[in-house]
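[1] fold the following and give me the result.
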Amino acid sequence: MTTEMASLSPSSVGPATFFRGLAWTLSLTISVASLLLPALWNGFALVFFDTGGYVRRVLEMDLSTGRSLFYGLFLWVSSFAWWSFYGPILVQVLASVWLIHLMLRCHNLPAGPWMTALFCMGLTLSTGIAWSASQLIPDALVPLVVLALWLLGFRLQRLAPFERAGLIAIALLSLLSHMSGLALAMGLLVVTVVARLVVLRRGFSLSVNWMLPAVVVTAALVLMPMLHLFLVGKATYTPGSTVIIFGRLVQAGIAQRWLAEHCPVPGIKLCGLQERIPRTGDEFLWGENSAFRDLGEWSGAADAELGYLSKMCLKTYPVAVAWTALQATAEQLVMVKTGDQLADHHDDTINVFSNLLPPHVARAFNAARQQQGGLTQPMVDAVSRVHVPVAHLSLFGLLLVVGWGLRSGRHDLAAAALFMLFALLGNAFICGALSNPHDRYQSRMVWLAPLVVGMATVCWWQLRARKQPS
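    Residues are numbered from 1 along each chain as shown. The predicted structure is shown next:
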């Protein structure tokens, strides 16, 4: 809620206040409905393979590879203890709408009810934002931390105290909910510090505050192990990086190469299982006949061996590791299809929602179109035929905005475009080079590009209109 929205108190009187309040009510309804459209059509929040794992974290109160306990707790709180799963996605959508509005307002662009609704509807039609925000996974929160860090670092003076508090809360929720978001935030903090130095040196008309973003990122780094210790007795971060990185080395063929050239090695079980190491990282991590199953899968028993092998691969083939990481980053940057794997059969999630949650939730979940086969791959492919070219053009558009912003004196928009470009590149590296490229990893983020390109287009139109003779 912005300062303008907050002024609409019940004690306010007069027709102007009434119509302004009505306009904001309609705007919020349209904006929220737009971003909830996939879930409303589905009849239930969209789910993914990982969704059941987040719910299990709360039911079992323990840690598991790649499944944040904090996002599970968010689901529990926002669903009112598993009463309605529209709660979590409504929070995700409201946070998205609010940040879109703040981005407009804090850059001196039209940010009233109709422009806010127009941007939300435009992003829904042209990007995968609604498909991400309507899912019960923390992907929708990752781009929000990017916007929060931008506003706290570069537009701080335009924010009211309660707005700063809200942005900090959203950022912390995102950082605690996904390790990739935490890694991305650490990189963006470095970008913010460098931006501060460049602004001081070149004298750009831009105010940069790195201290508050640094406090937020540091707080997340400290809070995660402390809260884990309090909740489950383990002072650690969400586990999983060792296994995921080794999966990427399998994808690149580097792990197989090292084993072929160095086995047998004492204590390395994979030496005797080389014929059962698949060619892709996904098959290694999830395949029924993968050697990973013999190592204990996700129980943590394989972490020491896979961590050792990852280090040896990096030490033995540093050039190959670096080159394949660069290739994976480039591949991930352009993999932006909407609805990645949403049409698949999500066995564990179906089991959790059908058997471990209240009966009314199970009934609603199983009656949803996604579980009834109504959400098909051709459907999401059709959506991607619009979203993919928009994403690719918008990535190029960010570079144009940087140049235009510097020439026109809109250093704030030039910096915003550059910041979003670094965020998208960072996300592509974290998810592509350290894991394996998947469309959903970049699709969840790429709507930031058309958002900033759209903002620059509105600004360009305003400047053009002012120059025309009356």
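[2] thought residue 103 was touching residue 144?
    No: at 11.2 Å, residue 103 does not count as touching residue 144 under the criterion of CB atoms under 8 Å. Using the backbone N, CA and C atoms, a C-beta is placed for each residue, glycine as well.
[3] identify the contacts common to those two.
    Common contacts of residue 103 and residue 144, defined by CB atoms under 8 Å, 6 or more residues apart in numbering, are absent altogether.
[4] quickly find the element holding the residue most central in space within the chain.
    The centre of the chain sits closest to residue 142, judged by CA atoms, centre = their mean, with a distance of 2.7 Å. If you go by DSSP states H and E, residue 142 is part of helix 142-154.
[5] how about the helix or strand following that helix, which residues are buried there?
    Scanning forward in sequence from helix 142-154 by DSSP H and E, the next helix or strand is helix 161-177. Neighbour counts over helix 161-177 (16 or more other CB atoms under 10 Å) mark 163, 166-168, 170-177 as buried.
[6] ok, now stretch 322-339?
    Here stretch 322-339 shows 324-325, 328-330, 332-333, 335-339 as buried, counting by 16+ other CB under 10 Å.
[7] how far off centre is it?
    Centroid separation between stretch 322-339 and its chain, computed with CA atoms, centre = their mean, to the nearest Å, is 16 Å.
[8] any idea of the mean pLDDT for it?
    Here stretch 322-339 scores 95 as its mean pLDDT.
[9] output it as CSV, restricted to C-alpha atoms.
    The C-alpha coordinates for stretch 322-339 follow below in CSV (Å, rounded to 0.1, in the frame of the first residue of the first chain):
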residue,chain,number,x,y,z
ALA,A,322,34.4,-22.7,-16.7
TRP,A,323,33.5,-23.1,-20.4
THR,A,324,30.6,-25.3,-19.8
ALA,A,325,29.4,-23.0,-17.0
LEU,A,326,29.5,-20.1,-19.5
GLN,A,327,27.6,-22.2,-22.0
ALA,A,328,25.0,-23.1,-19.4
THR,A,329,24.6,-19.5,-18.4
ALA,A,330,24.0,-18.4,-22.0
GLU,A,331,21.5,-21.2,-22.5
GLN,A,332,19.6,-20.4,-19.3
LEU,A,333,19.4,-16.7,-20.2
VAL,A,334,17.2,-17.4,-23.2
MET,A,335,15.2,-20.4,-21.8
VAL,A,336,12.1,-18.5,-20.8
LYS,A,337,9.1,-20.7,-21.8
THR,A,338,6.1,-20.3,-19.5
GLY,A,339,4.6,-23.3,-17.7
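[10] hmm, who's touching that stretch?
    Counting by CB under 8 Å, 6+ apart, 127-128, 131, 248, 251-252, 254, 375, 379-381, 383-384, 387-388, 391-392, 395, 424-425, 427-429, 431-434, 436-439, 441-443, 446 sit against stretch 322-339.
[11] which of those residues fall within strands?
    Among the contacts of stretch 322-339, none falls in strands (DSSP state E).
[12] quick one: which of these sit in helices?
    Taking DSSP state H, the ones among these that sit in helices are 131, 248, 251-252, 254, 379-381, 383-384, 387-388, 391-392, 395, 424-425, 427-428, 439, 441-443.
[13] circling back: format the buried residues of stretch 322-339 as TSV; extra columns: secondary structure.
    Shown next, in TSV, are the buried residues of stretch 322-339 (DSSP: H, G, I helix; E, B strand; the rest coil):
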residue	secondary structure
324	helix
325	helix
328	helix
329	helix
330	helix
332	helix
333	helix
335	coil
336	coil
337	coil
338	coil
339	coil
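[14] so where's the chain uncertain?
    Within the chain, the segments meeting pLDDT under 70 span 1-13, 469-470.
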